[in-house]
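1. below is the structure, and that's it, no one-letter string:
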C-alpha cells in the first residue's frame, strides 16, 4: 500500500502541534493525508509547551502576524468545540484573559508603551488594560509585593498543550488520517508529485507540508524552500498538584486544570541541548516565589528543557515553494495559539494550492539579504 | 563554593558501603549520600539497632551485614544520612536535600549504588489500601517491629518465603501463602541449576523455609496463575485462580512480591545507557567489567545495575571503587587487579545461582503486563492498562508520547511503579524489542524538590 | 491487622493524627507509627479520591503522602515522628493557602495566640 504512487493527497512531515493541526485540517476536509512523525525522543517542542493561547505582545513589528494571531485566538473556541465533540478529549481550553506580569516599575512603563502601540496598530481590535499592583492583587490574590503590575488582555487564554496534541492526533485518526513513526531521510519532487523517503520505505503524494520544526531547516532546500530556524531553549518546572488558586495564566506561571503549576519562560542559546540546567531552574524558582510567595513551600516534581523553533525575526514562516509547487511549509513558534488557524485556514490554503496575500509578509522572502 | 570530593557514592546499602570503604581505605576523599537515617540499605535496614542484632529470626544472611556496616562506620569518609539526591548531571554535579536545604557537590568520580526497588505488581486492586509489598513488610518488621497478623502473602521469589519464615519464627499468624511462580519455570530453570556453580546451601535454605510453612499448617498454594484484590475501599479478600478455578481468601492485609528491579532513576537521569534484560524482565544499566557506565566518570554498582543480591552487590561495590581509584590515578593497574581478585571470585560464586533464580522466578507475562482493561498501571495518575492500550492504538511512538497523551508516569513517583509495565505494554502493541521501545526520559529533579530550596540555590551561588 | 511486637519502646513521643492524640515509639517513621496504631487510610488521591495507604515503605511509591505540621504531600515513610507533631490525611491536591503554624495549632484544638 505504501509503495503505490500518489497513495496520499498530502504528506505532512512532522506530527507536532503544527503538523497535527494542519493534518487534521486536511482530513476533516476529506483530503487523504499521511503524517510522517519522528521517533519518541525527537526534539518535540509540542511536548515542552507552556500552553498559552496568547495575543498580547504578538506581532508588534508585523501587522499581518498580529492579525493572524488574533484570528486564531478568535477561532479557538469553535475549533476546540469541534475537536472535543469528535474525540471526547477535553483540552481544558479557557479564554480566561491573561496577564503579563511586570516585576518592576520600569518594566511596567515600557510594557504600557508596547501595549499602546499594539492597540493603535490593530486599529482598536486589540484590547487590553494596564493594572498597577493593587489592581493586580485584586485579580491575583497572594501576588507578591515586589510585582509592580501587569498588562491584561481578555483576548488571551490557555489550554493543556498535551491534551491538545493528543486530541489532534485522535481527531486526525478518526477522520481517516494515517500516521507513521518514521523519520524522513529525503524528500524528492518529480513530475508534479512528491516522494518522502524514510527508514520504513518511500511514500508518495501530490502535495507535501513541511512542519518538522527544527528538522525543517535541513529538509527545506530539498523542496526549494528556505526555513532558517534555530533552537532557543526554554525550561519549565512543574509543581505537585495544588488546589486551584490562580485564575489567570501569566507568561511565567500557569496553573493547569489538574492543579499542577507550570513555571517557565527562560530563553537560552544552547544549541540543540534540551536538557535542564540548575542555575536556570533556580532562577525560575526564585522568580516564581517573588510573584507568589506562597509557592515557596510547594514541591517541584519534574522539570524539562524544550527547544523553541525560531526564525531570525522570531515569527513563523509560511510559504509555498516556487520551485516545487505543492510543497508548503509552516514552521515556527506559537503552534498552540495558531492551532485553530492552522486547522481551519492553513489546511484550506494547502488544499486549494494557494497561499493568501494576507500572509505575504510571513513568507521566506523576508530572509533574503537585500 | 561547591564542595569537591574525589568520589561521591550515592547509596549506603551493600554496594555503596563496600565501595566507599574501599575508596576511603586508599585515602580518597569520599562523600556518601544516603536517603535512609542509618546505613544498611533495604536489605540490612536498621541493622545497627541492638534488638535486630539479637534477632536470630531475621535469618543468617541479615547478620552478614553487621561486619559490613561496622567497617563502614570505621572508615574515614563523610557520610550524610537522610539525604534526598535529586540530581546527578553528566558533568558530575550532585544535588541533594537535607533538613530543608538543597546543596550541590562535585566529585571526579561518582559511584551510583541506588539498589533495587520492588517490581510493580499490576494486578486488579493492587492500589487498594491494605495492599503492600513484601519488602514493606520486611522494613516494618526490621525498623519498627510492626507486623500484620493474618495477612495473605502472594508472589514469587526468595524474599517471599524469607518474609513468611520470619513471621513464623516471631509467632505472627499468616493467613495463606500464594506462590505465583509459573509451573513451567521449574522445568526451564533446571538446566541452570546444574549448569552453573549453583549455591546449594541457599537452595536448601529456601526449601527449608517452604517446608516450615507447610509444617506450621499455613495454606501454601502453588500453581496460582492469576490473582486480584477485592474490596470496596480497602482489602477485603485476595482472590486467586488455581487449576482454572477462582477462590477467595478473606483478609485485610495483602503483601505482594514479584522480585525486585534496579532503581535506575538516577542513572537514567545522568544519561547512562540502559538495556532491557529479558531474563530479569527489567531495565539494567549497561556497564563494563569495572562497572563504568556509558557516562564518563560515573560507575554504577550493585542491584542498581542488575539484580544480583546483597553479597554480589558488596563485591561489585568494591570492584567499582577500585576501578574509580585507578581512574583517579590513586592505584596502578596491577594493584587494582590484585585487590579486585577476591571480589571477583566472590562475585562469580554469587552469580552462579543468579541465572537459576532469574529463570525460576521470572514472573508470568500476565502478572507483569495486565490483561484486564481496568487494572491501574500508573498508581499516581490512576491510568489504567485499557487507557494506555487505547492511546497506543493511535500509533503513539513511545513512552514519552504516551506520557504526554495519558499522564502515565507524570506523578510524584516519576514512573518508578509504572515505567517497566509501560515499556512492556508498548513492546506488546508495537512488536518492537523492549530495548528499542525505551523508557521515560528522566531529568532532574528525580525526587520532589521544594521550590524554596531550589530558589535558595541561586541566591547562595550569587554570594 | 497491623500490630506491634516485642517490648514496647523505651521512649515515646506524642503526636496528633486528625486531631486525636496518640503515643508512639520514638524513632519510628510516621508511616510505621500510624500503621502500628492500626491506621491504613493515609490519603485520598487527587484524581479519583480513592483511599490509599503505604505501599512500599521505602520512599519509592509516594502513596503514603500526609500533611505533616502543615506541610503537604510528605512521604510518611521518610519522616520520623517527633514530639507534638500534627499529622493529617492528604485529601487530594495540596492546599497552597495552608499556613503551617495555623494548621498545627488548629489541630491540637488550641486557639491561635
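-> Structure's in. What do you need? Keep in mind the model is a prediction, meaning the values are calculated, not measured.
2. burial of the closest residue to chain C within chain A, as a residue count?
-> Nearest residue of chain A to chain C, counting by CB to the nearest CB: residue A:241, 3.9 Å away. Placement of C-beta: from N, CA and C, glycine included. Residue A:241 is flanked by 25 other residues according to other CB atoms under 10 Å in any protein chain shown.
3. dump the residue contacts of it.
-> A:258, A:259, A:260, C:46, C:92, C:93, C:94 (CB atoms under 8 Å, 6 or more residues apart in numbering or on different chains).
4. repeat that for residue B:125.
-> Going by CB under 8 Å, 6+ apart, residue B:125 touches B:131, B:228, B:229, B:230, B:231, B:235.
5. before we move on, which element is it in?
-> Here residue B:125, judged by DSSP states H and E, is contained in no helix and no strand.
6. and residue A:21, which of the three is it?
-> helix (DSSP: H, G, I helix; E, B strand; the rest coil).
7. ok, it touching residue A:165?
-> No - the criterion here is CB atoms under 8 Å, and residue A:21 misses it with residue A:165 at 9.2 Å.
8. who's more crowded, these two?
-> Between residue A:21 and residue A:165, counting by other CB under 10 Å, residue A:21 is the more crowded of the two (33 against 27).
9. quick one: that one from residue B:35, how far?
-> 44 Å (CB to CB, to the nearest Å).
10. quick revisit: for the residue of chain A closest to chain C, grab phi and psi.
-> The phi/psi pair for residue A:241 (degrees, to the nearest 10) reads phi -70, psi 130.
11. got it, and residue B:86?
-> phi -110, psi 0.
12. in contact with it, which residues?
-> Taking CB under 8 Å, 6+ apart, we find residue B:86 in contact with B:95, B:96, B:97, B:102, B:444, B:445, B:446, B:447, B:448, B:449.
13. 10 Å instead?
-> A:278, A:300, A:303, B:94-97, B:102, B:265-266, B:269, B:444-449, B:453-454 (CB atoms under 10 Å, 6 or more residues apart in numbering or on different chains).
14. just say helix, strand or coil for whichever residue of the stretch 201-350 of chain A sits closest to chain B.
-> At 3.5 Å from chain B, residue A:282 is the closest residue in the stretch 201-350 of chain A, using CB to the nearest CB. Reducing the assignment at residue A:282 to three states with three-state DSSP gives helix.
15. pretty sure it contacts residue B:87?
-> No - at 11.4 Å, residue A:282 does not count as touching residue B:87 under the criterion of CB atoms under 10 Å.
16. list residues touching both of those two?
-> Residues touching both residue A:282 and residue B:87 by CB under 10 Å, 6+ apart: B:102, B:104.
17. so how many other residues sit close to residue 47?
-> Defaulting to chain A. Residues contacting residue A:47 under the criterion other CB under 10 Å number 21.
18. not quite, I wanted chain C
-> Neighbours of residue C:47 under the rule other CB under 10 Å: 17.
19. in space, what's closest to it - neighbours in sequence excluded?
-> residue B:382 (4.4 Å; CB to CB, 6 or more residues apart in numbering or on different chains).
20. count of neighbours near the one you found?
-> For residue B:382, using other CB under 10 Å, the count is 18.
21. for it, what are phi and psi?
-> Backbone torsions of residue B:382, given as degrees, to the nearest 10, read phi 50, psi 50.
22. for it, what are its contacts?
-> Counting by CB under 10 Å, 6+ apart, residue B:382 touches B:127, B:376, B:407, B:408, B:411, C:45, C:46, C:47, C:48, C:50.
23. re the thing from before, looking at the residue of chain A closest to chain C now. What's its pLDDT?
-> Here, the pLDDT recorded for residue A:241 equals 95.
24. just residue A:59 next, same as before
-> pLDDT for residue A:59: 89.
25. rewinding a little: figure out the helix or strand that the closest residue to the residue of the stretch 201-350 of chain A closest to chain B other than its chain neighbours lives in.
-> Take residue A:282 and drop its neighbours on the chain: the residue closest to it by CB to CB, 6+ apart is residue B:458, 3.5 Å away. Assessed by DSSP H and E, residue B:458 sits inside helix B:451-462.
26. for residue C:11, see how far away the residue nearest in space to the middle of chain C is.
-> Closest residue to the average C-alpha location of chain C: residue C:87 at 4.0 Å, with CA atoms, centre = their mean. Distance from residue C:87 to residue C:11, counting by CB to CB: 19 Å.
27. so residue A:35 makes contact with residue A:22?
-> Yes - Residue A:35 lies in contact with residue A:22 (CB under 10 Å); the separation is 9.2 Å.
28. who has more neighbours out of those two?
-> When residue A:35 and residue A:22 are compared for neighbours, residue A:35 comes out ahead with 31 against 28, by other CB under 10 Å.
29. please, where are all the helices along the chain?
-> You didn't pick a chain, so chain A it is. Along chain A, the stretches classed as helices by DSSP state H are A:17-27, A:63-87, A:105-121, A:133-139, A:161-174, A:216-219, A:278-291, A:339-341, A:347-352.
30. my question was about chain C, not that one.
-> C:30-36, C:100-107.
31. weakest of those helices by average pLDDT?
-> helix C:100-107 (a mean of 44).
32. most packed of the helices of chain A?
-> Burial of the helices of chain A is given as mean neighbour count (mean count of other CB atoms under 10 Å in any protein chain shown); helix A:17-27 ranks first at a mean of 30.
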